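# From the sequence below, what's the structure:
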Amino acid sequence: MRLALYTGLILGGGFTCLTPALAADPTGDWRVADGVANIRVAQCNGSMWGAVSWEKQPGGRDEYNPDASKKTRPTLGMATLIDMKKKPGADQWEGQVYNAKDGQLYSATITPAGTDQLEIKGCVMGFLCGGETWTRVGPPIPLSPANAMAKGAPKSTGAAPKAQGTTGATAAQPAPAAPKAAGTAKPGQKGAADPVGDICLLPEIAGFAH
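Take a look at the predicted model:
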């Protein structure tokens, strides 16, 4: 049985817990152990959440979900780490992980190991635990502007000042912005290069009842 989405984790398999030497930010994009997907982790409404932000083989569907209405939903943008709360006095978050390979939820923890690795550990019914290591592929993500608890969110700079000495029809019009090159979108910016964007705005996460 596999435990985490897109992973090669086998329950009962060997798992070595690595203690992080320094506190690290678990947010950002992470490549799962078998390399078939990235999971974007962000803080939303005081909890850590993770959602699929990239797939090696596009077009995946949640076909094993026991809810028939969800069997055709795309796995891209689907929540995998669910409502993970920080453990007091530890650089560790605990909550649930959704495994699209069997449509089941499992208890799980995430623990940063330095700045570029994230340890995932999960258990079935409190035992048969296993885990794996994800590798960072994207920088930490600031708290979402949509998050009521956000701090350090980008602030609007307001409208650009008008050019002096011009009025009405004679005012100079700003030149159109140059189109962004493909692949330039950053994590959290929804666009052609990043179709998922801010995961805190995904309906599944935004509508979660706390």
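# going forward, measure contacts between C-alpha atoms and count neighbours the same way
Fine.
# Now do whatever helix or strand residue 109 lives in: which elements does it pack against?
For residue 109, the element it lies in under DSSP states H and E is strand 104-112. The contact analysis (3 or more C-alpha pairs under 8 Å, 6 or more residues apart in numbering; DSSP states H and E) places strand 104-112 against strand 93-99, strand 117-124.
# Name the next helix or strand downstream of the last one, please.
Of the helices and strands lying after strand 117-124 in sequence (DSSP H and E), the nearest is strand 127-136.
# tell me the angle that following strand makes with strand 117-124.
Per axes from the mean of the first three to the mean of the last three C-alpha atoms, to 10 degrees, the angle that strand 127-136 makes with strand 117-124 is 160 degrees.
# Show me what strand 127-136 is packed against.
With contacts defined as 3+ C-alpha pairs under 8 Å, 6+ apart, strand 127-136 has these neighbours: strand 28-31, strand 117-124.
# of those, which approaches residue 197 most closely?
strand 28-31 (11.2 Å; C-alpha to C-alpha).
# Starting from that closest one, tell me which strands it pairs with and how they run.
strand 37-44 (antiparallel), strand 127-136 (antiparallel) (DSSP bridges).
# Please identify the most buried of these.
Of the strands paired with strand 28-31, the one with the most neighbours on average (mean count of other C-alpha atoms under 10 Å) is strand 37-44, at a mean of 26.
# who touches the helix or strand just after it?
Downstream of strand 37-44, the next assigned helix or strand under DSSP H and E is strand 47-55. Contacts of strand 47-55 with the rest of the structure, by C-alpha atoms under 8 Å, 6 or more residues apart in numbering, involve 27, 29, 36-43, 75-86, 93, 194-196, 199, 205.
# and the angle for the helix or strand following strand 47-55 with strand 37-44?
Following strand 47-55 in sequence order, the next helix or strand is strand 79-86 (DSSP H and E). Angle, strand 79-86 to strand 37-44, by the same axes, to 10 degrees: 40 degrees.
# Show the backbone phi and psi for the residue nearest to residue 28 when sequence neighbours are not counted.
Nearest residue to residue 28, sequence neighbours excluded (C-alpha to C-alpha, 6 or more residues apart in numbering): residue 140, at 4.3 Å. Backbone torsions of residue 140, given as degrees, to the nearest 10, read phi -50, psi 150.
# what sits up against the strand holding residue 109?
3, 20, 23-26, 65, 84, 91-99, 118-126.
# could you flag which of the contacts of strand 47-55 are buried?
The neighbour-count test (16 or more other C-alpha atoms under 10 Å) applied to the contacts of strand 47-55 identifies 27, 29, 37-43, 75-86, 93, 194-196, 199, 205 as buried.
# That's all I had, so thanks and see you.
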